[in-house]
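Undergrad: fold the following.
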Amino acid sequence: MLKKVFDSAELQMGDRVDAWHESVARAMVPFVMSIDQPAGFRASLRVEDLGAAQVNAVTYSSLRTQRTPKLIRRCDPEQYAVALTLRGRPMMDQAGRQTEPGVGNLMMYSTSWPYDGRADADDGTSASIVAQLPRALLPFAAREVDRLLATRLPGREGTGALLALCLTHLATDTSMQRPGDSLRLGTVLLDLITAFLAHHLQAETAVPHESRQRILLLQIKEFIHRHLNDPDLTPQVVAAAHHVSLRQVYKLFEGQGQPIAAWIKHQRLERCRRDLIDPWLHSSPVHAIAARWGFMNNAHFSRAFRAAYGLPPRDYRALALHAPSVPGPSTAEHGQSTTT
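TA: Below you'll find the predicted structure:
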């Protein structure tokens, strides 16, 4: 989904550093850059505008970046950036604080404060996914949000894990987008960042009700995906795990095109379908694949699979081995990913 803006492999060695600096400054924010070893410099940048936010997937050799008071006076889009570290050792010094978030964690910085950023990639490249969003879109006072600048923010638990998952999905998704998807995904990302910051600011009540409901739906979907292999996964279990009423869970799924029970069944069927056509799993019996995703009754699974995909599971698998394409899910059974 993200569009390629820069790839150092497409340029001569001597042109890479200046071209990278110009591309990133134009796509993200102007900065001063220095590189100790320009020979062998490698970098890439992919970008997508989601309306409420912009997502950037970046890789780069070791470097140092600085945003100076002079640059801020010249150009300040008044944005916050939330960065997820995928590899390497980035460090950020801003607002009197310094952090090295570590792989899998997040950190935040502002275009309105000077900063000094460094990235040690050893002999490879660092990699990050960076979401940029206007300061005005957050329901918090800037002085409150600024307390989180250049601090390590966990990306493996709670809303941080959901935000990290969303950023990774946006950076790696290659599926065709439908009209309006970018704006919808931008709203999802803004909701997640808002909830993530609210947790760390202890300001959950500042999050709009609609955003809280969308975040709850995302949390429920992620919970379902992590527990699809549990045959006892039911709407009642989902409601209890999130400390909400069953009625509230049903209401959340009213706008999803399917009741929650049907949504769970579709997710399980889709996992079974993917495993059935996976050549690495060709020796796994159909009933074993069904059981792996929570279907303990073979007859029920076969009927449900045929209703969704038009063929019994064995025939579907056989066709997939000899045909370039096989039927996908029917319109009635179409589901949505955790980031939608």
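Undergrad: now the helices for the stretch 51-200 of the chain?
TA: Per DSSP state H, counting those that start in this stretch, the stretch 51-200 of the chain carries helices over the ranges 69-74, 142-145, 158-172, 181-201.
Undergrad: can you lay out those helices as JSON lines showing mean pLDDT?
TA: Supplementary listing: the helices of the stretch 51-200 of the chain in JSON lines, determined by pLDDT from 0 to 100:
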{"stretch": "helix 69-74", "mean pLDDT": "96"}
{"stretch": "helix 142-145", "mean pLDDT": "95"}
{"stretch": "helix 158-172", "mean pLDDT": "95"}
{"stretch": "helix 181-201", "mean pLDDT": "94"}
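Undergrad: ok, which of the ones you listed comes nearest Q258?
TA: Judged by CB to CB, the one of these that comes nearest to Q258 is helix 181-201, at 17.4 Å. (Each C-beta comes from the backbone N, C-alpha and C, glycine too.)
Undergrad: for that closest one, packing partners?
TA: Under the contact criterion of 3 or more CB pairs under 8 Å, 6 or more residues apart in numbering; DSSP states H and E, helix 181-201 touches strand 126-134, helix 142-145, helix 158-172, helix 209-226.
Undergrad: ok, now with 10 Å
TA: strand 43-49, strand 54-60, strand 79-87, strand 106-110, strand 126-134, helix 142-145, helix 158-172, helix 209-226 (3 or more CB pairs under 10 Å, 6 or more residues apart in numbering; DSSP states H and E).
Undergrad: what angle separates the first one from strand 54-60?
TA: An angle of 180 degrees separates the directions of strand 43-49 and strand 54-60 when computed by axes from the mean of the first three to the mean of the last three CA atoms, to 10 degrees.
Undergrad: tell me how far strand 43-49 is from the chain's mean position?
TA: Mean-position distance between strand 43-49 and its chain equals 15 Å (CA atoms, centre = their mean, to the nearest Å).
Undergrad: what are the pairing partners of it, and which direction each?
TA: Strand 43-49 has the following strand partners under DSSP bridges: strand 3-7 (antiparallel), strand 54-60 (antiparallel).
Undergrad: and the third one, by the same measure?
TA: Sheet pairing here is set by DSSP bridges, and for strand 79-87 it gives strand 106-110 (antiparallel), strand 126-134 (antiparallel).
Undergrad: can I get these in a markdown table with distance to F31, mean neighbour count and mean pLDDT?
TA: Compiled in a markdown table, the strands paired with strand 79-87 are given as follows (distance: least, CB to CB, whole Å; neighbours: other CB atoms under 10 Å; pLDDT from 0 to 100):
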| stretch | distance to F31 | mean neighbour count | mean pLDDT |
| --- | --- | --- | --- |
| strand 106-110 | 11 | 25 | 98 |
| strand 126-134 | 13 | 21 | 97 |
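Undergrad: ok, L11 - contacts?
TA: 17-20, 41, 43 (CB atoms under 10 Å, 6 or more residues apart in numbering).
Undergrad: please read the previous query as pertaining to G155.
TA: By CB under 10 Å, 6+ apart, the neighbours of G155 are 82, 84-85, 101-107, 161-165, 167-168, 196.
Undergrad: among those residues, name the buried ones.
TA: With burial judged by 16 or more other CB atoms under 10 Å, the buried subset of those is 82, 84-85, 101, 105-107, 161-165, 167-168, 196.
Undergrad: out of the helices of the stretch 51-200 of the chain, which comes closest to A318?
TA: Evaluated over the helices of the stretch 51-200 of the chain, closeness to A318 peaks at helix 158-172, with 30.8 Å, by CB to CB.
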